[in-house]
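> just the structure for this:
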Amino acid sequence: MSRREAQALADEKKLDLVEISPNANPPVAKILDYGKYRYELQKREKEAKKKQKTIQVKEIRLSTFIEEHDILVKAKTASKFLQDGDKVKVSLRFRGRERDYVNKGRDVMNKFAEACSDVSVVDKKPTFEGRSLTMFLSPKPAEKHKKSKGKNDSRKSEGPSPATDNGK
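Reported below is the predicted structural model:
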């Protein structure tokens, strides 16, 4: 069909002639309401955005001379963030003479990582950035697999599969 015939058909139906793939031989075109088409595309894009999960980076600050219980409390807070699917940045700032106790700071970071080890994986080991020691934790990938496996198991228990019904 020629371009003029297609345009005449579209005008007759009071719709638009939209070129789908101009590089094809012959070019492919569709007759449709272009305004409605654009609206539906925008609607699909919005829906896709809603379904996306944005990963945030939450920060937990520690100090060099922190007590054991305080580490556990902060680790519990970090584990909540990790269970929600967020990453955690753990920072320990050295002030004044605390800089002489870098080993103590590394020990604190290691204790913190150990306390969160059941729900997290160390992404980036403790490194110096200026006057602070930073470490990144991310959620364990096994947590996601456990949830999806649980859903599959419940589907299997709903009833017999169609393959077993055919045998009766």
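
> where along this structure do the strands fall?
Along the chain, the stretches classed as strands by DSSP state E are 16-21, 28-32, 57-62, 87-93, 120-129, 132-139.

> between strand 132-139 and the fifth one, find me the angle.
Read it as strand 120-129. Strand 120-129 and strand 132-139 are oriented at 160 degrees to each other (axes from the mean of the first three to the mean of the last three Cα atoms, to 10 degrees).

> could you do the first one as well?
Between the direction of strand 16-21 and that of strand 132-139, the angle (the same axes, to 10 degrees) works out to 100 degrees.

> which residues are in contact with strand 16-21?
Strand 16-21 has contacts (Cβ atoms under 8 Å, 6 or more residues apart in numbering) with 6-7, 9-10, 27-34, 37. The way it works is simple: take the backbone N, C-alpha and C, and place the C-beta from them, glycine included.

> do the same with stretch 57-68
Residues contacting stretch 57-68 (Cβ under 8 Å, 6+ apart): 71, 74, 77-78, 81, 86-94, 98, 101, 104-105, 108-109, 111-112, 136.

> tell me the mean pLDDT for that stretch?
For stretch 57-68, the mean per-residue pLDDT is 92.

> domain parsing of the chain, as residue ranges.
1-34, 57-141 (automatic domain parsing).

> and those, which is most packed in?
Of the domains of the chain, the one with the most neighbours on average (mean count of other Cβ atoms under 10 Å) is domain 57-141, at a mean of 16.

> so how far is the first residue of that domain from its last?
17 Å (Cα to Cα, to the nearest Å).

> likewise for stretch 24-36?
Rule used - Cα to Cα; the end-to-end distance of stretch 24-36 is 25 Å.
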